[in-house]
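> Everything below, folded, please.
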Amino acid sequence: MSLLISVCLLVVAVIHLLPLVGVLGAARLERLYGLAFTDPTLVLLMRHRAVLFGLLAVFLAIAAVHRPWQGPALVAGAVSVISFLLLAAALPERSPAIQTVLRADLIALVALVVAAAARLASR
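Numbers count the residues shown, from 1 in each chain. Reported below is the predicted structural model:
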């Protein structure tokens, strides 16, 4: 069970690590999200968002090998994934790039559910 939990947390960590390249600037953000980022304030906010995703990814990756952090990491990952899925569900239209993010977050949600179930079963 422990290996399964670790693998699931690593899957979620990688999914959260992917947006980190957005910290490199507007051009990277445009490739990631398929949108034009011309407002410097929006670019700043999105770059900061990329850093926060990187921090969450590191936390999830450490939790994959440091058992005491697994519970909090599962909660943090679930809050990230579920909040995005709920916010995106409210959009009347979604761009192809957002559809890709939705698919990735659905994969992350499945991994989190499997990890949480395995954690409960191992107790």
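> And for the residue nearest to residue 30 when sequence neighbours are not counted, the neighbour number?
The shortest distance from residue 30 to any non-neighbouring residue, by CB to CB, 6 or more residues apart in numbering, is to residue 37 (5.7 Å). C-betas here are computed from N, CA, C, even on glycine. By the criterion of other CB atoms under 10 Å, residue 37 has 20 neighbours.
> Wait, residue 37 touches residue 43, no?
Yes - using CB atoms under 8 Å, residue 37 is in contact with residue 43, at 4.9 Å.
> Which residues are in contact with each of the two?
Jointly contacting residue 37 and residue 43 under the rule CB atoms under 8 Å, 6 or more residues apart in numbering are 26, 29.
> Counting neighbours, what do you get for residue 6?
19.
> and if you look at residue 81?
22.
> tell me the mean pLDDT for the particular helix or strand that has it in it?
Element membership of residue 81 [criterion: DSSP states H and E] is helix 70-89. Over the span of helix 70-89, the pLDDT mean works out to 97.
> and after it, which helix or strand comes next?
Counting by DSSP H and E, what follows helix 70-89 is helix 96-121.
> That following helix: which residues count as buried?
Residues 98, 101-102, 104-105, 108-109, 111-112, 115-116, 118-119 are the ones in helix 96-121 that count as buried (16 or more other CB atoms under 10 Å).
> Relative to residue 11, which of those is nearest.
Closest to residue 11 out of these is residue 111 (4.4 Å), distances taken as CB to CB.
> so residue 97 touches residue 30, yeah?
No - the criterion here is CB under 8 Å, and residue 97 misses it with residue 30 at 9.5 Å.
> residue contacts, the residue nearest in space to the middle of the chain?
Nearest to the geometric centre of the chain sits residue 16, at 3.3 Å (CA atoms, centre = their mean). By CB under 8 Å, 6+ apart, residue 16 lies in contact with 53, 54, 56, 57, 60, 77, 80, 108.
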